[in-house]
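Visitor: Sequence first, predicted model second:
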Amino acid sequence: MTILLATTSQHKAGEIAAMLSGVPDLQLQTLNDFPATEAPEEDGATMADNARIKAEFYSQHFGVRVLADDSGLEVDALNGEPGVHSARWSEGSDSDRMLAILDRMIDVPVEERGARYRCTLCLATPDGIEWEAEGVCEGEIALEARGTGGFGYDPIFGITLATGADSEYVGKTGGEVSPEVKATVSHRARAVRQFVEYLKTR
Ligand code: IMP
């Protein structure tokens, strides 16, 4: 099977491609394999809506099977923000957005700093949606940014027991662990594992 992996983030595409690298008879394409086209407006109310919008748009446009994702960080103390708006929640860079979250949470005690990453995946063909699922990775917002690994909000995403990582990583941030550790517990890994199971049923 050939699938166009329709994510515009190199980092996310790399993570998903690495997790799918062992799947037999699966060829991945990226948007770079197709003529440049305008991206659809990601104006869905939820991450699942946005993954659908992207999967349906690119599969109709190029006439191929497409796997699209949408993801984001939900912070309990901020009523689930930045959520579906994670990529553009506030002005500036990823690190400006991390600082904005830390700033808004300056008075929030450790036990109320719960947060989770969510990743939704949608597989579509020109005939419609074929499969969809989501993965969640629980954690907490750290008191300060630590580490340079990962991307986006990783340096402020604290790993807890609920994350499901080995206990030696509890207390570290997503910026402080290796890509291998992230690949076992992340929201994206959890969603992609369901995709691998789906492929086995076809
Ligand atoms: P998307 O491209 O609309 O899915 O935007 C997702 C945004 O959520 C990214 O720009 C990041 O800010 C954040 N995000 C999603 N997944 C991760 C992750 O694994 N680590 C750090 N930030 C993430």
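Guide: Yes, it's here.

Visitor: can we go C-alpha only for contacts and neighbour counts from here?
Guide: Fine.

Visitor: Helix, strand or coil: sort out the residue nearest the centre of the chain for me.
Guide: A centroid search over the chain (CA atoms, centre = their mean) returns Ser71, at 3.7 Å, as the residue closest to the centre. Three-state assignment for Ser71 (DSSP: H, G, I helix; E, B strand; the rest coil): strand.

Visitor: now swap in Pro24 and tell me
Guide: coil.

Visitor: Check the gap between it and Leu121 for me.
Guide: Pro24 is 20 Å from Leu121, where distance means CA to CA, to the nearest Å.

Visitor: So the two - more neighbours on which side?
Guide: Neighbour count, other CA atoms under 10 Å: between Pro24 and Leu121, Leu121 has more, with 26 against 10.

Visitor: send the alpha carbons of the helix or strand containing the more buried one over as PDB?
Guide: Assigned by DSSP states H and E, Leu121 falls within strand 114-125. Only the C-alpha atoms of strand 114-125 are listed here, as PDB (Å, rounded to 0.1, in the frame of the first residue of the first chain):
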ATOM      1  CA  GLY A 114      -2.000  18.200  34.700                       C
ATOM      2  CA  ALA A 115      -1.800  18.300  30.900                       C
ATOM      3  CA  ARG A 116      -1.900  15.900  27.900                       C
ATOM      4  CA  TYR A 117      -0.800  15.700  24.300                       C
ATOM      5  CA  ARG A 118      -3.400  14.500  21.900                       C
ATOM      6  CA  CYS A 119      -2.900  13.200  18.400                       C
ATOM      7  CA  THR A 120      -5.600  12.300  15.900                       C
ATOM      8  CA  LEU A 121      -5.000  10.400  12.700                       C
ATOM      9  CA  CYS A 122      -7.300  10.100   9.800                       C
ATOM     10  CA  LEU A 123      -6.800   7.900   6.700                       C
ATOM     11  CA  ALA A 124      -8.800   8.900   3.700                       C
ATOM     12  CA  THR A 125      -9.100   7.800   0.000                       C
END
